[in-house]
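*Asks:* Coordinates for the following, if possible.
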Amino acid sequence: MGLKEITCIVCPLGCRIQVEMEGGEIKSVKGYSCSRGLEYAKNEVIMPKRTITTSVRAIGGHLPLLSVRTKEPVPKEKIPEIMLELAKVEVKAPVKIGDVVVKNILGTGVDIIATRNLYVK
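*Replies:* Numbering: from 1, shown residues only. Prediction:
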């Protein structure tokens, strides 16, 4: 049996949640203040996910880089591989906020979207 302690990041309360595990399964969860915290703790011990924010090269735009992010969180263990893939990406202006820059990055089912406008130079 193992006990994992997690600080919830869903809201500003920062609840200290204790998750008791046995044989790779959750046996109990304590210390959360809301259902969102409960869900966060369960996901964090079973399959942690994160949102990536970064930038990619821009061609012909008013900026040399375009800020982007994942549309949804991706598995934490995929982050290094995704970052290497994004280092190869170049986008051509114009691009609007919310435009898909990379569809289904590395087969995760998650798109990379622009987080700012990129105007033609």
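*Asks:* Distance from the chain centre to stretch 62-78, please.
*Replies:* Once both centres are worked out by CA atoms, centre = their mean, to the nearest Å, stretch 62-78 turns out to sit 8 Å from its chain's centre.
*Asks:* any idea of the mean pLDDT in it?
*Replies:* Averaging pLDDT along stretch 62-78 gives 97.
*Asks:* Next, the buried residues of that stretch.
*Replies:* Going by neighbour count (16 or more other CB atoms under 10 Å), the buried part of stretch 62-78 is 66, 68-71, 74, 78. Yep, even glycine has a C-beta here, placed from its N, CA and C like the rest.
*Asks:* mind giving me a markdown table with these and columns for secondary structure and distance to residue 2?
*Replies:* Formatted as a markdown table, these follow (DSSP: H, G, I helix; E, B strand; the rest coil; distance: CB to CB, whole Å):
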| residue | secondary structure | distance to residue 2 |
| --- | --- | --- |
| 66 | strand | 43 |
| 68 | strand | 37 |
| 69 | strand | 33 |
| 70 | strand | 30 |
| 71 | coil | 33 |
| 74 | strand | 25 |
| 78 | helix | 24 |
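*Asks:* out of those residues, who's nearest residue 117?
*Replies:* Looking at those and their distance to residue 117, the nearest is residue 66, at 9.0 Å (CB to CB).
*Asks:* mind listing what the nearest residue to the closest one once chain neighbours are set aside touches?
*Replies:* Counting by CB to CB, 6 or more residues apart in numbering, the nearest residue to residue 66 once its immediate chain neighbours are dropped is residue 58, at 4.5 Å. Residue 58 makes contact with 64-66, 90-93, 95, 118, according to CB atoms under 8 Å, 6 or more residues apart in numbering.
*Asks:* redo that, cut-off 6 Å
*Replies:* Applying CB atoms under 6 Å, 6 or more residues apart in numbering to residue 58 gives the contacts 64-66, 91, 118.
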